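**Student:** sequence isn't available, so here's the structure alone:
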């Protein structure tokens, strides 16, 4: 194993581009890049930030190439691990796609116990505060993002798109906007990917100009899951907008949205849900989720849990028959003040197209007022007593019980690192170098502690450790 010590800006040139063995890079000082930043091209790198800060980057920390190529082998950084680093990034670019504060496209990329303060502006897609795209068993754990991110599509506060990867115990504070949709607080697009125990904080406002906008994930494709996550921020989009996920639409997929909470106001043009906006083909389970925020659709389709079953997203090619999917929506709770739409406002689930998916509703509860502006009676509260849309009262409760979260709950679950008193020096190999810092209290006790999900590209098998 090779070792590279970074104490000055010029020391980054010591990192080899194509090492034959793993390189361990240690950052021994806070460094501000004053000259032109050239991303690290290497692979097989373990980058230990030693709780230091790296400022002044105008591009990603790692990038095999900054070319306009969209071929993965041309731009992917392989087998990179980053730990204990605070990164300041300011990127404005016009590349076709793939850009992030740490890596453009990472394969077997891992980041843990890191924080990025970034301002990334693009006219293209696949943009994330940490990575433009992750692939091949990549993982981001116990990380925080702040700042702002804008692009055309596939934009996320942590990662733009994730394939066969995992994000856990991480928090986004960055505002995310995608002009063409697929915007989210954690990941704009996921496939064979798990997002668990993550949070989109109240300052992480999400805006999508197109379809699939969500507080945690934008579009769910093949065999993915979102579990035990919370969105506190406002989420707004065009079609298919949800407090947790924008939508799930791919045939032969198996997706799960379980145990999540939405506390951020959700609004959009049409098909808006407190938990998920739209469901299409494939099998999806939406269970044990709580929506405690208002849902508004300018046009049709607003509901406390599921905005509707629609053809948004995947469209079968001509002359190709796709079997309808199946959606299980069960054991969810809505306790918002109102659900409002131009038409089709419902407590649990709104618009339904049985040619696309068969909806099964079971044991959902809802306590909220329904407002339909242009349907039946204008500006009149519509009380749905059909249990399919959620009961008006349950177990003898005569008045709605609202479980709206207090403002005090709108806080990040990870605090910023405290100032570090690390003045000590030690002698190693005859050299006087800064001593490795102690583990700060805010890192102690923060563990993923959730099942690691290993996905096969076909079959979507879930393996728990």
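**Tutor:** Looks like it arrived, so ask away. Keep in mind that what you see is a predicted model, and the values were worked out from it rather than measured.

**Student:** my guess is residue 89 contacts residue 118. True?
**Tutor:** Yes. Counting by Cβ atoms under 8 Å, residue 89 does reach residue 118; the two are 4.2 Å apart. Glycine gets a C-beta too; all of them are placed from N, C-alpha and C.

**Student:** which neighbours do those two share?
**Tutor:** residue 101 (Cβ atoms under 8 Å, 6 or more residues apart in numbering).

**Student:** check which residues of stretch 16-31 are buried.
**Tutor:** For stretch 16-31, a neighbour-count test (16 or more other Cβ atoms under 10 Å) marks 16, 23, 25-28, 31 as buried.

**Student:** just stretch 110-124 next, same as before
**Tutor:** 110-122, 124.

**Student:** so where do the helices sit in this structure?
**Tutor:** Assigned by DSSP state H, the helices in the chain fall at 72-75.

**Student:** so where's it uncertain?
**Tutor:** 373-465 (pLDDT under 70).

**Student:** got the contact list for the residue most central in space within it?
**Tutor:** In the chain, the residue lying closest to the centroid (Cα atoms, centre = their mean) is residue 186, at 1.5 Å. The contact partners of residue 186, by Cβ under 8 Å, 6+ apart, come to 156-159, 167, 170, 172, 195, 198, 200, 216-217, 229.

**Student:** that one and residue 125, how far apart?
**Tutor:** From residue 186 across to residue 125, the span is 17 Å (Cβ to Cβ, to the nearest Å).

**Student:** give the contact list for residue 25.
**Tutor:** 3-4, 6, 15, 45-48.

**Student:** just the closest of these to residue 35, please.
**Tutor:** Among the contacts of residue 25, residue 6 lies closest to residue 35 (Cβ to Cβ), at 14.7 Å.

**Student:** residue 154 contacts residue 125, correct?
**Tutor:** Yes. Taking Cβ under 8 Å as the definition, residue 154 is a contact partner of residue 125 at 4.6 Å.

**Student:** more neighbours: the two, which one.
**Tutor:** Between residue 154 and residue 125, residue 154 has the larger neighbour count (other Cβ atoms under 10 Å), namely 30 against 26.

**Student:** re the thing from before, got JSON lines for the buried residues of stretch 16-31, with distance to residue 287 too?
**Tutor:** Output for these, formatted as JSON lines (distance: Cβ to Cβ, whole Å):
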{"residue": "16", "distance to residue 287": "49"}
{"residue": "23", "distance to residue 287": "45"}
{"residue": "25", "distance to residue 287": "44"}
{"residue": "26", "distance to residue 287": "45"}
{"residue": "27", "distance to residue 287": "44"}
{"residue": "28", "distance to residue 287": "48"}
{"residue": "31", "distance to residue 287": "47"}
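
**Student:** tally of neighbours for the closest residue to residue 313 other than its chain neighbours?
**Tutor:** With Cβ to Cβ, 6 or more residues apart in numbering as the criterion, residue 313 has its nearest non-adjacent residue at 3.1 Å, and that residue is residue 249. Residues lying near residue 249 (other Cβ under 10 Å) number 28.

**Student:** show me the contacts for residue 78.
**Tutor:** 43-44, 106-109.

**Student:** how about JSON lines for these, with neighbour count and distance to residue 326 added?
**Tutor:** Converted to JSON lines, the contacts of residue 78 look like this (neighbours: other Cβ atoms under 10 Å; distance: Cβ to Cβ, whole Å):
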{"residue": "43", "neighbour count": "20", "distance to residue 326": "42"}
{"residue": "44", "neighbour count": "18", "distance to residue 326": "44"}
{"residue": "106", "neighbour count": "33", "distance to residue 326": "34"}
{"residue": "107", "neighbour count": "22", "distance to residue 326": "33"}
{"residue": "108", "neighbour count": "19", "distance to residue 326": "34"}
{"residue": "109", "neighbour count": "29", "distance to residue 326": "34"}
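
**Student:** looking at the residues you listed, which are in strands?
**Tutor:** Counting by DSSP state E, the part of the contacts of residue 78 found in strands is 106-107.

**Student:** quickly check the contacts of residue 78 for the two that are furthest apart.
**Tutor:** Using Cβ to Cβ, the pair of the contacts of residue 78 lying farthest apart is 44 and 106, separated by 12.8 Å.

**Student:** find the residues that touch each one of the two.
**Tutor:** Shared contacts of residue 44 and residue 106, defined by Cβ under 8 Å, 6+ apart, comprise 78, 80.

**Student:** neighbours of the nearest residue to residue 200 once chain neighbours are set aside, just the number please.
**Tutor:** Closest residue to residue 200 apart from its sequence neighbours, by Cβ to Cβ, 6+ apart: residue 185 at 2.9 Å. With neighbours defined by other Cβ under 10 Å, the count for residue 185 comes to 37.

**Student:** quick check: the gap between residue 185 and residue 175.
**Tutor:** 10 Å.

**Student:** list the contacts of residue 219.
**Tutor:** Contacts for residue 219 (Cβ under 8 Å, 6+ apart) come out as 182, 188-190, 211-212, 245-249, 313.

**Student:** cutoff 10 Å now
**Tutor:** Listed by Cβ atoms under 10 Å, 6 or more residues apart in numbering, the contact set of residue 219 reads 153-154, 161, 181-184, 187-191, 211-213, 240, 245-250, 277-278, 312-314.

**Student:** correct me, but the residue nearest to residue 313 touches residue 357?
**Tutor:** Yes. The pair residue 249 and residue 357 passes the contact test of Cβ atoms under 10 Å, sitting 9.4 Å apart.

**Student:** got any residues that touch both of these two?
**Tutor:** Listed as contacting both residue 249 and residue 357 by Cβ under 10 Å, 6+ apart are 278-282, 284, 310, 325.

**Student:** returning to that earlier point: please convert the contacts of residue 78 to CSV, extending it with distance to residue 332.
**Tutor:** Shown next, in CSV, are those (distance: Cβ to Cβ, whole Å):
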residue, distance to residue 332
43, 44
44, 45
106, 34
107, 36
108, 36
109, 34
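
**Student:** closest to residue 344 among the contacts of residue 78?
**Tutor:** For the contacts of residue 78, the nearest to residue 344 is residue 106 (41.5 Å; Cβ to Cβ).

**Student:** gap between the closest one and residue 22?
**Tutor:** Applying Cβ to Cβ, the value for residue 106 to residue 22 is 16 Å.

**Student:** for residue 245, same thing?
**Tutor:** Going from residue 245 to residue 22 by Cβ to Cβ gives 37 Å.

**Student:** same check on residue 282?
**Tutor:** Residue 282 sits at a distance of 40 Å from residue 22 (criterion: Cβ to Cβ).

**Student:** likewise for residue 160?
**Tutor:** Here the criterion is Cβ to Cβ. By it, residue 160 lies 27 Å from residue 22.

**Student:** do residue 237 as well
**Tutor:** 42 Å.

**Student:** again, but for residue 134
**Tutor:** Distance from residue 134 to residue 22, counting by Cβ to Cβ: 20 Å.
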